[in-house]
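Enquirer: Structure, please.
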Amino acid sequence: MVEDYPGAPSYPRTSPLRGWPPGHLVDLYDVVDETVASAAFCDYLLELVSSDGHLWGVWYDLDAKSLMWYPADDFATAEYPETWGALRPGMSSTLPNTGTMTGC
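Expert: Residues are numbered from 1 along each chain as shown. Predicted coordinates for the structure are as follows:
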């Protein structure tokens, strides 16, 4: 666990890392080979904890909290939006009026 490493901060998101002054973070590429990091994490996740070619953090927990479930049989025969941009206006006007909680 992260708690076993005093001095190793644990954040639920990466934005606090932006506030650390220069010299207070260790570039993890000094101790972890870049090919190992690339094999363990997709490019997007590495970009979230990297800047200017330096790796400032690693992921130890990742949750998918915002999944949208839908009835596949109904969607197979219906017309539906093909992009997120086209989907969002319908969600904001339809879902709040259904009386059910999204994702339940």
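Enquirer: Let me see the ranges of the strands in this structure.
Expert: Per DSSP state E, the chain carries strands over the ranges 50-51, 54-55.
Enquirer: What sits closest to Ser50 if chain neighbours are left out?
Expert: Trp56 (6.5 Å; C-beta to C-beta, 6 or more residues apart in numbering). Heads up, the C-betas are built off the backbone N, CA and C, glycines and all.
Enquirer: where exactly do the helices run in this structure?
Expert: For the chain, the helices defined by DSSP state H occupy 34-40, 43-48, 72-77, 84-94.
Enquirer: Looking at the ones you listed, which one is packed in the most?
Expert: The highest mean neighbour count among the helices of the chain, using mean count of other C-beta atoms under 10 Å, belongs to helix 43-48: a mean of 13.
Enquirer: Low-confidence ranges, the protein, go.
Expert: 1-10, 12-18, 90-104 (pLDDT under 70).
Enquirer: Show me what Ser51 bridges to in the sheet.
Expert: His54 (DSSP bridges).
Enquirer: where's it relative to Met68, distance?
Expert: 31 Å (C-beta to C-beta, to the nearest Å).
Enquirer: What of Val26?
Expert: From Val26 to Met68 the distance is 38 Å (C-beta to C-beta).
Enquirer: Looking at these two, which is more packed in?
Expert: Val26 (12 against 9; other C-beta atoms under 10 Å).
Enquirer: Ramachandran angles for the more buried one?
Expert: phi -100, psi 130 (degrees, to the nearest 10).
Enquirer: what about Leu55, how many neighbours?
Expert: What Leu55 shows, counting by other C-beta under 10 Å, is a neighbour count of 20.
Enquirer: which non-adjacent residue is nearest it?
Expert: Using C-beta to C-beta, 6+ apart, the closest residue to Leu55 is Leu28 (4.2 Å).
Enquirer: Before I go, just wanted to say thanks for your time.
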